[in-house]
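Asks: Fold the stuff below for me.
(one chain, ligands or ions: 1)
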Amino acid sequence: MCGIVGGVAQRDVVPILVDGLRHLEYRGYDSAGVAVLNESQALKRVRTAGKVRELDELLRKEQLHGMLGIAHTRWATHGKPDTRNAHPHICRGTVAVVHNGIIENHEALRAAQIKAGYEFTSETDTEVIAHQVYDHMMKGDDLLKSVQRATHELDGAYAIGIISKTEPNRLVAARRGSPLVVGVGRGENFIASQAAALITVTQRFIYLEDGDVADITRDAVTIYDASGKRVERPVHISSLTPDAVEKGPYRHYMLKEIFEQPQALADTLTNCLSSNRVLEESFGPKAKDIFDQAQSVLIVACGTSYHAGAVARYWLESIAGIPCVVEIASEFRYRKPVVRPNSLVITISQSGETADTLAALQEAKRLGFGHSLSICNVPESALVRASDLVFLTRAGPEIGVASTKAFTTQLAALMLLTICLGRRRGLSADKEALLVKLLASLPAQVDRVLKLNEQIKTLAERFADKHHALFLGRGTQHPVAMEGALKLKEISYIHAEAYPAGELKHGPLALVDADMPVIAVAPNNELLEKLKSNLQEVRARGGELYVFADETIDVTEGPTVHVVKLPHTDDVLTPIVFTVPLQLLAYHVAVLKGTD
Ligand code: M6R
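Replies: This next block holds a predicted model:
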């Protein structure tokens with residue numbers, strides 16, 4: 001995922017840009033670059049198809065310094081990962097741009113620009129932005145006006161930072177669909193794709209809204225909305241500390257965040273539980289009224305957050321007795337769904353900035369579904385701002401691209417919601433008290449699973465040479481299996497699929513052989529016997545089984561059956577507890593394989 005940092009100051013911004021890129025490295029990237037206006041007012045650029053460390057060495061070698069600059073880490077989408085395609089992209093030595101997102105009409109713009117005499121030095125969609133802005137400047141507009149005009153000509157998603165050698169005290173930034181924050185300093189201002197990249201220079205941030213263009217000098221930040229009207233955006237004081245975005249003793253952020261789960265769960269549940277009850281004010285002052293009106297639930301989310309929604313569907317229907325539909329946000333907005341008025345529309349998102357989820361929420365509002373609730377980890381995010389009710393998971397910054405503590409805290413929030421909605425449909429006070437007791441035990445339960453880290457690390461060795469894997473689960477464990485498969489493919493680049501175990505015989509069983517490890521999650525519940533017969537089908541095909549099993553069930557180990565016993569967990573909590581070993585498995589396989 002690409003990362004942007006930029007700054008205008010009265011000191012050399014290069015070390016700040018490099019430090020910012022370092023804080024964004026965890027997102028994964030294949031090349032990096034910096035452009036600054038140097039002491040002689042020339043636009044200078046250094047790029048590498050390597051790591052930020054190598055970029056830093058090159059910058060030192062070339063002695064690049066300047067008080068205005070932009071920097072980028074690139075994850076290739078258009079054009080291969082090499083130096084030529086790395087950002088910043090420069091037009092005629094004058095305008096430099098860094099960009100996150102995808103310009104969908106780049107081919108048409110490119111054709112027109114070639115016709116107008118512009119030369120392209122990269123295969124990226126980004127270069128058209130530099131030419132488009134330059135072109136407007138040549139027609140007499142200043143940098144700000146040129147960016148405003150150019151953004152109206154771009155289709156697609158972008159967060160951009162632009163500088164021009166003709167305006168040495170000006171950084172212009174714009175966003176649509178991709179996040180971008182302005183870091184407000186004293187006599188200096190910055191931009192970044194994420195606040196964490198700037199936390200060593202400021203704790204004051206402005207979160208740009210979709211369509212905003214920001215005109216940034218050393219002393220002022222002026223923001224214009226999509227229509228060009230000057231607007232005020234609030235300055236938020238971030239609670240992030242430099243410590244919170246460091247890895248501490250852990251080798252990777254992902255491992256740190258997996259191990260932070262007991263604390264994250266405890267923090268998320270704190271202040272929501274009282275005397276065996278869930279306090280529904282945790283969802284906001286209007287929660288009571290809105291929950292009273294809800295006749296059904298519509299959940300929209302992407303990726304891991306979608307998996308949390310898929311687990312919640314089981315809980316909301318079986319415990320709260322409320323109809324629930326879960327949709328992948330990127331599909332919902334194009335699907336023309338039948339509207340169910342008085343639905344509670346729930347968006348789930350770690351970042352609160354996922355463009356598809358935001359667009360799905362807007363679409364649900366437009367269609368007239370009902371009130372909205374956002375379950376989100378970032379208080380100032382766009383989703384939070386756009387929702388009637390908000391539940392903030394208190395997982396702390398999730399730096400690792402692979403979502404871990406966000407998922408388990410989302411599930412804790414969804415169980416709280418299930419209880420609140422269930423109360424209105426006959427969930428007894430006794431049952432609520434039992435569920436609250438179980439929730440309160442969660443941090444300790446997860447802590448016990450983390451003790452299996454070494455055992456799972458050893459098990460991971462058996463996966464390092466594999467190319468495919470199959471994950472199986474039944475009931476609430478099916479979304480858990482989906483989450484396990486997503487983690488493995490995202491982090492270790494092993495192709496992985498998840499199936500409800502009962503579906504195995506309807507096709508995928510044909511794939512099973514000794515080279516296709518099959519991972520099953522097996523809590524002690526009423527579906528256990530059914531799951532066991534599905535596992536027999538795997539054995540009959542010569543498959544190698546890895547079973548994450550509740551310690552109270554009887555699964556016999558053998559040369560092709562490997563069992564990891566998990567501490568006994570009440571069935572209702574198993575989606576949270578059983579996800580943790582799958583996170584660890586994906587992490588250790590990735591470390592063994594050395595994937596980025
Ligand atoms: O910030 P969000 O929760 O909205 O992000 C949605 C997905 O992009 C995200 O969960 C993604 O699937 C994870 N990085 C997977 O680990």
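Asks: From here on, just use CA atoms for contacts and neighbour counts.
Replies: Will do.
Asks: count of residues packed around G502?
Replies: A count of neighbours around G502, defined by other C-alpha atoms under 10 Å, yields 15.
Asks: which SS state does the nearest residue to it once chain neighbours are set aside fall under?
Replies: Nearest residue to G502, sequence neighbours excluded (C-alpha to C-alpha, 6 or more residues apart in numbering): N534, at 6.5 Å. With DSSP: H, G, I helix; E, B strand; the rest coil as the basis, N534 sits in helix.
Asks: what is S164 paired to in the beta sheet?
Replies: S164 has these beta-bridge partners by DSSP bridges: V95.
Asks: Hmm, I90 and it touching each other?
Replies: No - counting by C-alpha atoms under 8 Å, S164 does not reach I90; the two are 9.3 Å apart.
Asks: Get me the contact residues on the stretch 201-350 of the chain for the ligand.
Replies: When proximity is defined by C-alpha under 6 Å from any ligand atom, the stretch 201-350 of the chain lies next to the ligand at C302, G303, T304, S305, S349, Q350.
Asks: out of those, which are inside strands?
Replies: S349 (DSSP state E).
Asks: By neighbour count, which of the residues of the stretch 201-350 of the chain next to the ligand wins?
Replies: In terms of neighbours by other C-alpha under 10 Å, these top out with S349 at 30 neighbours.
Asks: got the contact list for the residue lying closest to that residue once chain neighbours are set aside?
Replies: Spatial nearest neighbour of S349, excluding adjacent residues (C-alpha to C-alpha, 6+ apart): C376 at 5.0 Å. For C376, the contact set (C-alpha atoms under 8 Å, 6 or more residues apart in numbering) comprises I348, S349, Q350, S351, G352, L383, V384, V390, F391, L392, T393, Q410.
Asks: Quick one: those residues as JSON lines, columns for distance to T77 too.
Replies: Shown next, in JSON lines, are these (distance: C-alpha to C-alpha, whole Å):
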{"residue": "I348", "distance to T77": "26"}
{"residue": "S349", "distance to T77": "24"}
{"residue": "Q350", "distance to T77": "23"}
{"residue": "S351", "distance to T77": "22"}
{"residue": "G352", "distance to T77": "23"}
{"residue": "L383", "distance to T77": "26"}
{"residue": "V384", "distance to T77": "29"}
{"residue": "V390", "distance to T77": "34"}
{"residue": "F391", "distance to T77": "34"}
{"residue": "L392", "distance to T77": "33"}
{"residue": "T393", "distance to T77": "32"}
{"residue": "Q410", "distance to T77": "30"}
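Asks: Do you have the strands of the stretch 101-250 of the chain handy? List them.
Replies: Per DSSP state E, counting those that start in this stretch, the stretch 101-250 of the chain carries strands over the ranges 156-164, 171-176, 181-184, 189-192, 204-207, 213-216, 221-224, 230-231, 236-237.
Asks: can you redo the contacts of C376 as JSON lines with pLDDT and distance to W75?
Replies: Shown next, in JSON lines, are the contacts of C376 (pLDDT from 0 to 100; distance: C-alpha to C-alpha, whole Å):
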{"residue": "I348", "pLDDT": "98", "distance to W75": "25"}
{"residue": "S349", "pLDDT": "96", "distance to W75": "22"}
{"residue": "Q350", "pLDDT": "95", "distance to W75": "21"}
{"residue": "S351", "pLDDT": "89", "distance to W75": "19"}
{"residue": "G352", "pLDDT": "91", "distance to W75": "21"}
{"residue": "L383", "pLDDT": "92", "distance to W75": "25"}
{"residue": "V384", "pLDDT": "92", "distance to W75": "28"}
{"residue": "V390", "pLDDT": "95", "distance to W75": "32"}
{"residue": "F391", "pLDDT": "96", "distance to W75": "32"}
{"residue": "L392", "pLDDT": "93", "distance to W75": "30"}
{"residue": "T393", "pLDDT": "95", "distance to W75": "29"}
{"residue": "Q410", "pLDDT": "98", "distance to W75": "28"}
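Asks: among the residues you listed, which are in helices?
Replies: Those of those mapping onto helices are L383, V384, Q410, per DSSP state H.
Asks: residues near the nearest residue to the first one once chain neighbours are set aside, how many?
Replies: Leaving aside its chain neighbours, L383 sits nearest to G352 (4.9 Å; criterion: C-alpha to C-alpha, 6+ apart). When counting by other C-alpha under 10 Å, one arrives at 24 neighbours for G352.
Asks: Would you check how far apart G352 and P15 are?
Replies: Look at G352 and P15: by C-alpha to C-alpha, to the nearest Å, they are 29 Å apart.
Asks: V512 now?
Replies: From V512 to P15 the distance is 52 Å (C-alpha to C-alpha).
Asks: Have a look at those two and say which one is more surrounded.
Replies: More crowded of V512 and P15, by other C-alpha under 10 Å: V512, with 21 against 15.
Asks: What does the pLDDT read for the residue nearest to the more buried one when sequence neighbours are not counted?
Replies: If the residues on either side of it in the chain are set aside, V512 comes closest to G543, at 5.5 Å by C-alpha to C-alpha, 6+ apart. With respect to pLDDT, G543 has a value of 86.
Asks: now swap in T556 and tell me
Replies: If you check T556, the pLDDT there is 83.
Asks: now swap in G33 and tell me
Replies: We have a pLDDT of 97 for G33.
Asks: How about P179?
Replies: The per-residue pLDDT reported for P179 equals 84.
Asks: any chance you could map the helices in the stretch 201-350 of the chain?
Replies: Here the stretch 201-350 of the chain has its helices, by DSSP state H, counting those that start in this stretch, at 253-259, 261-269, 287-293, 303-318, 329-332.
Asks: Turn those helices into TSV, columns for mean pLDDT.
Replies: Shown next, in TSV, are the helices of the stretch 201-350 of the chain (pLDDT from 0 to 100):
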stretch	mean pLDDT
helix 253-259	95
helix 261-269	94
helix 287-293	96
helix 303-318	98
helix 329-332	95
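Asks: if we compare these, which one ends up closest to E123?
Replies: Across these, E123 has its closest neighbour in helix 329-332 (27.1 Å, C-alpha to C-alpha).
Asks: Okay, buried residues for that closest one please.
Replies: By 16 or more other C-alpha atoms under 10 Å, the buried positions in helix 329-332 come out as A329, S330, F332.
Asks: Please apply the same query to stretch 383-403.
Replies: By neighbour count on 16+ other C-alpha under 10 Å, the buried set for stretch 383-403 is 383-384, 386-400, 402-403.
Asks: Against the ligand, which of those residues make the cut? List them.
Replies: Counting by C-alpha under 6 Å from any ligand atom, A402, S403 from these sit close to the ligand.
Asks: Restricted to strands, list the buried residues of stretch 383-403.
Replies: The strands, defined by DSSP E, take in L389, V390, F391, L392 from the buried residues of stretch 383-403.
Asks: what's near enough to touch the second one?
Replies: What it means is V390. With contacts defined as C-alpha under 8 Å, 6+ apart, the neighbours of V390 are F283, G284, L373, S374, I375, C376, V384.
Asks: who wins for neighbours among those residues?
Replies: C376 (28 neighbours).
Asks: Bridge partners for that one, pull those for me.
Replies: Counting by DSSP bridges, C376 is bridged to S349, L392.
Asks: interface residues of the stretch 351-500 of the chain facing the ligand?
Replies: Going by C-alpha under 6 Å from any ligand atom, the residues of the stretch 351-500 of the chain near the ligand are S351, G352, T354, V401, A402, S403, K487.
Asks: Quick one: neighbours of the third one, just the number.
Replies: Using other C-alpha under 10 Å, T354 has 21 other residues around it.
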